[in-house]
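K.L.:
Here is my input, please return the structure:
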Amino acid sequence: MSDAGGSIGAAVAVPVVIAVIVYIIVVYSFIMVKEREAVIIERLGSFSSMLQPGINFIIPFIDRPKKYNWRYYVTDNLGNPNLIKRSSYRISNQNEVIDFPKQMVISRDNAQLQLDAVLSWKIVNQRQMIYSTVNLPQMLSKVLQAQLRNVAGSLDVDQIIEEASTLNVLTSMMDNETMRWGVKVLFVKVQRVDALSLSNVLAQKKNADLKNKEIVIQARATKQTLVIESEGKRDSMIKEAEGAAQEMISKAQGQATAIINAANAEARSVKEVARALAADGENPAQYLVALRYLDVLKQIMAMPRTKLEILPPAVAQLRAAELLGLNTAAVGPAK
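P.N.:
As a prediction, this is how the structure comes out:
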């Protein structure tokens, strides 16, 4: 009876053991790799292959996935550091972002600051990463801390606070360091700069700078207004001068035209008189000289404080000799 029971127990146990062994073989023989993931396979402790997305077959107990263990701190929404632990054999090929805790730095002018930086990175060589690093996020954190201190130590506190873009050089500096780990740094951004005890002083300085800028802007606006007004006055004066000059030119042209017209009229009149006198046998030249003599005599008589004496020729000669201081004068016969 006991032999029969033992036979039945053995008959039941053997299939169970075989089923367990088959299950273990099946479970450890196939690995499902998702898209944008990779798995490093070691065979007897050395690198064998890297599995690609899809269903992959490995030799149980001989091949095994290479695992990694990460421990690092990140900052939550309240600014508190939290410890993150990750242990897996699946390596992500996606972009990852880590918000590291604030780092204390000292500027070139010996001011203490806290910088809150965020780093984005991507694994581009999974094999190099898995065999070159032990705790990748922690290593990135330490390198970032060192680079932050180096860059901040070469800048003044004003440059760090007002020109945070000067810290963008951290991206290339970090990328140069991490490429030998098979990791590419996509960007390093400083989210916040905490000036600690200098906050009030910097706030006052900022207000003073804003007031100075406001004064400068107002001065420039006033200057611009004065310039515009001056240009307007200058243009107005130029226009007035141009108008006056044009008016003078027009008057001069009008006077010249009038003179020309008068001269032409006089010339025509002289021609008509000369033609009439020539027809009567008179000398036109004597007539014109007589007319000019009368015009000049009229002008002389119109002059103020002018005394005019009309004398016969003989008397005129004696009067002229008397005015010249002569005692005698030859008087010719009157014609």
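K.L.:
what are the phi and psi values for Pro304?
P.N.:
With angles defined as degrees, to the nearest 10, Pro304 sits at phi -70, psi 150.
K.L.:
I should have written Arg305 there, sorry.
P.N.:
As for Arg305, its main-chain torsions (degrees, to the nearest 10) stand at phi 50, psi 40.
K.L.:
and what of Gln94?
P.N.:
With angles defined as degrees, to the nearest 10, Gln94 sits at phi -80, psi 170.
K.L.:
thinking it is in contact with Ser120, fair?
P.N.:
No. The pair Gln94 and Ser120 fails to qualify as a contact (C-beta atoms under 8 Å) at a distance of 10.7 Å. Where C-beta positions appear, they are placed from N, C-alpha and C, glycine not excepted.
K.L.:
more crowded one of the two?
P.N.:
Comparing Gln94 with Ser120 by neighbour count (other C-beta atoms under 10 Å), the higher total belongs to Ser120, at 15 against 9.
K.L.:
How about the secondary structure of that one?
P.N.:
When states are read from DSSP: H, G, I helix; E, B strand; the rest coil, the local structure at Ser120 comes out as strand.
K.L.:
My guess is it contacts Leu186. True?
P.N.:
Yes. Counting by C-beta under 8 Å, Ser120 sits close enough to Leu186 to count as a contact (4.2 Å).
K.L.:
what is in contact with the two at once?
P.N.:
Asn95 (C-beta atoms under 8 Å, 6 or more residues apart in numbering).
K.L.:
List the buried residues in the helix or strand in which Thr171 is found.
P.N.:
With elements taken from DSSP states H and E, the one containing Thr171 is helix 169-178. Buried residues in helix 169-178, counted by 16 or more other C-beta atoms under 10 Å: Leu170, Thr171, Met173, Met174, Asp175, Glu177, Thr178.
K.L.:
repeat for stretch 74-94
P.N.:
Val74, Thr75, Tyr89, Arg90, Ile91.
K.L.:
Quote the end-to-end distance of it.
P.N.:
End-to-end distance of stretch 74-94 (C-alpha to C-alpha, to the nearest Å): 19 Å.
K.L.:
Would you list the phi and psi of Gln52?
P.N.:
The phi/psi pair for Gln52 (degrees, to the nearest 10) reads phi -100, psi 170.
K.L.:
From Leu51, how far out is the closest residue to it other than its chain neighbours?
P.N.:
Excluding its sequence neighbours, the residue lying closest to Gln52 (C-beta to C-beta, 6 or more residues apart in numbering) is Val33, at 6.4 Å. To Leu51, Val33 is 5 Å away according to C-beta to C-beta, to the nearest Å.
K.L.:
what about the two, which has more around it?
P.N.:
Under the criterion of other C-beta under 10 Å, the comparison of Val33 against Leu51 puts Leu51 first, with 22 against 18.
K.L.:
Correct me if wrong: the more buried one contacts Ile31.
P.N.:
Yes. Contact criterion C-beta under 8 Å: Leu51 and Ile31 qualify, at 6.1 Å.
K.L.:
Give me the common contacts of the two.
P.N.:
Between them, Leu51 and Ile31 share the contacting residues Val39, Ile58, judged by C-beta under 8 Å, 6+ apart.
K.L.:
before we move on, back to that, quick one: residues contacting the residue nearest to Gln52.
P.N.:
For Val33, the residues meeting the contact criterion (C-beta under 8 Å, 6+ apart) are Val39, Leu51, Gln52, Pro53, Gly54, Ile55, Asn56, Arg90.
K.L.:
my guess is the last one meets Val39, correct?
P.N.:
Yes. With contact defined as C-beta under 8 Å, Arg90 counts as touching Val39 (6.1 Å).
K.L.:
now the longest helix anywhere in the chain: how far from the chain's centre is it?
P.N.:
Within the chain, and with DSSP state H defining each element, the longest helix by residue count is helix 199-280. If you compare the mean C-alpha spot of helix 199-280 with that of the full chain, they lie 39 Å apart, counting by C-alpha atoms, centre = their mean, to the nearest Å.
K.L.:
Tell me the confidence at Gly9?
P.N.:
For Gly9, the pLDDT comes out at 60.
K.L.:
can you check the one 4 residues further on too?
P.N.:
Note on Ala13: pLDDT of 73.
K.L.:
Under the pLDDT cut-off, which ranges of the stretch 101-250 of the chain? List them.
P.N.:
164, 196-208 (pLDDT under 70).
K.L.:
quick one: which of the buried residues of stretch 74-94 is nearest to Val227?
P.N.:
Nearest to Val227 out of those is Thr75 (C-beta to C-beta; 53.7 Å).
K.L.:
Contacts only, for the closest one.
P.N.:
Pro81, Asn82, Asp99, Phe100, Pro101, Lys102, Asp116.
K.L.:
How many residues are close by the fifth one?
P.N.:
The reference is to Pro101. Counted with other C-beta under 10 Å, the neighbours of Pro101 add up to 17.
K.L.:
Hmm, Met104 is touching Gln112, no?
P.N.:
Yes. With the criterion set as C-beta under 8 Å, Met104 and Gln112 qualify as a contacting pair; they are 6.6 Å apart.
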